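Novice: what's the 3D shape of this:
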Amino acid sequence: MPIYEFKCPNGTVTEKFVKMGTKEIECPKCHQKAKKLISLCTFELKGGGWYADGYSSGKKKI
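Specialist: Okay, here's the model as predicted:
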């Protein structure tokens, strides 16, 4: 299960492990409905990658 961030009407932001289809949870502080936020992703590809390294072609490097 992924970690999602949720924000309640009072502004409390909570992180929680939930199923992918979950759109809202109960806020642990005020017990109101907290809606799922769209958060920034920390995933980043660096370097030349498989394409630049020749894995995409059928030729073998020696």
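Novice: Which residue ranges of the chain form helices?
Specialist: With helices called from DSSP state H, the chain shows them at 49-52.
Novice: For Lys23, see how far away the spatially most central residue of it is.
Specialist: Nearest to the mean C-alpha position of the chain, by Cα atoms, centre = their mean, lies Cys41 at 5.8 Å. Remark: distance between Cys41 and Lys23 (Cβ to Cβ, to the nearest Å) = 19 Å. The C-beta positions use only the backbone N, C-alpha and C, and glycine is treated the same way.
Novice: Run through the chain and note the low-pLDDT ranges.
Specialist: Low-confidence regions of the chain, defined by pLDDT under 70, span residues 47-62.
Novice: Which stretches in the chain count as strands?
Specialist: 3-7, 13-17, 24-26, 33-36 (DSSP state E).
Novice: wait, which of these is closest to Lys46?
Specialist: strand 3-7 (23.0 Å; Cβ to Cβ).
Novice: what about Tyr4, how many residues close to it?
Specialist: When neighbours are counted by other Cβ atoms under 10 Å, Tyr4 registers 19.
Novice: Quick check, it in contact with Lys36.
Specialist: Yes: proximity of Tyr4 to Lys36 meets the contact threshold set by Cβ atoms under 8 Å, at 5.4 Å.
Novice: now the strands of the chain as TSV including distance to Leu45?
Specialist: Formatted as TSV, the strands of the chain follow (distance: least, Cβ to Cβ, whole Å):
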stretch	distance to Leu45
strand 3-7	21
strand 13-17	25
strand 24-26	31
strand 33-36	26
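Novice: hmm, back to that, got any residues that touch both of Tyr4 and Lys36?
Specialist: Thr22 (Cβ atoms under 8 Å, 6 or more residues apart in numbering).
Novice: what are the phi and psi values for the residue nearest to the centre of the chain?
Specialist: Backbone torsions of Cys41, given as degrees, to the nearest 10, read phi -100, psi 140.
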